[in-house]
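Q: Got a predicted structure plus its sequence, pasted below:
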Amino acid sequence: MDTKQLACAPTSLILASYFVPFMASVTSKGKSSMAVEPHQIYQSMMLEIKVRIRAVDSKLEGSDKYLSSLDTEFCFLQIRKIVEQICFSSILCDQERYRDFRKLEGMTSDDDSGSYEDDWNSRVILSKLKDISPHFMPIPLGERQTNGNEHHFERADVNATHTKLIKIFKKCGSFMHIPKPFGEEYESHINKQRNRYNQATETIKGYSQYFKDLLWHHAAVGLEYSDSSNGLEALDAASPKTAWLVNFEDYESDHISIVLAQAE
């Protein structure tokens, strides 16, 4: 994708608490005194992902062969949250289009509020994003070629699909609940769960590496879109218009750089 560099925001987002998003200044009345741009929110969410990846890796590095049961569940929780953060951050690239798309869905269903602010299920959101943009997933970037202000990136060979994310999300969910100790010999039940947890260590290692390959250098792409009174344009095919070029940079740093770019 040939792009023209518009701006660079290398500002470090070192947070007092990693799990508090990048915040605007707040007045005494509780209202924001400055707008937080979508790319800044995206940048903050990527930092949270980076911190969660490091938290998972720290558990893996501290184990001999298998993670403990509690560490296994901790890691799957972090990975599940990473999927959710990818999901919600992907909305930011096409927020107006997604908003209008959800309004249209609400008009055709009595059980749907039509408000994207009510959406919470990552599997459902990912399916909806797939309906409005073929580029909603982070695009992992390979080598960059530069010619003046133009940059061309090769796409890295990573399986960046919503199906992959949903599969990871469901796998994590299977470790979020206590298995029922009924329907089989209890000793057999315990052995089955022990083997399941032991096998999970390699799965977690694979997921951690997958997110590094997917996100460390990636582009988040937004489509051309003009608001209309009826919102029907949300269903129209469109070309890529903007891209946020994201670099997670040094593994240990609490820094995410992002370049705002526009397709020619």
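A: Right, received. Where do you want to start? Residues are numbered from 1 along each chain as shown.

Q: Who are the packing partners of the helix or strand containing F76?
A: According to DSSP states H and E, F76 maps onto helix 69-93. Helices and strands touching helix 69-93, as assessed by 3 or more Cβ pairs under 8 Å, 6 or more residues apart in numbering; DSSP states H and E, comprise helix 38-61, helix 122-132, helix 162-173, helix 186-215, strand 217-223. Using the backbone N, CA and C atoms, a C-beta is placed for each residue, glycine as well.

Q: Let me know the next secondary structure element after the last one.
A: Just to be clear, that refers to strand 217-223. Using DSSP H and E, the first helix or strand after strand 217-223 is strand 240-247.

Q: and the angle for that following strand with helix 38-61?
A: Calculated by axes from the mean of the first three to the mean of the last three Cα atoms, to 10 degrees, strand 240-247 forms an angle of 40 degrees with helix 38-61.

Q: List the contacts of strand 240-247.
A: Here strand 240-247 makes contact (Cβ atoms under 8 Å, 6 or more residues apart in numbering) with 1, 3, 39, 42-43, 46, 93, 135, 138, 141, 151, 153, 215-225, 256-263.

Q: Flag every buried residue along the helix or strand just after the helix holding F76.
A: Sequence order places helix 95-107 as the next helix or strand after helix 69-93, per DSSP H and E. Buried residues in helix 95-107, defined by neighbour count with 16 or more other Cβ atoms under 10 Å: 97-103, 105-106.

Q: repeat for stretch 252-262
A: Using 16+ other Cβ under 10 Å as the burial criterion, the residues of stretch 252-262 that qualify are 255-261.

Q: Return the subset of those lying in helices.
A: Among the buried residues of stretch 252-262, no member falls in helices (DSSP state H).

Q: CSV please, covering these and showing distance to S188 and pLDDT.
A: Shown next, in CSV, are these (distance: Cβ to Cβ, whole Å; pLDDT from 0 to 100):
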residue, distance to S188, pLDDT
H255, 49, 95
I256, 47, 96
S257, 52, 95
I258, 51, 95
V259, 55, 92
L260, 57, 92
A261, 56, 87
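
Q: Name the nearest of those residues relative to K192.
A: For the buried residues of stretch 252-262, the minimum distance to K192 (Cβ to Cβ) is 41.0 Å, reached by I256.

Q: Any stretches of the chain with poor pLDDT?
A: Residues of the chain that meet the criterion pLDDT under 70 lie in 1-34, 145, 149-152, 228-232, 235, 264.
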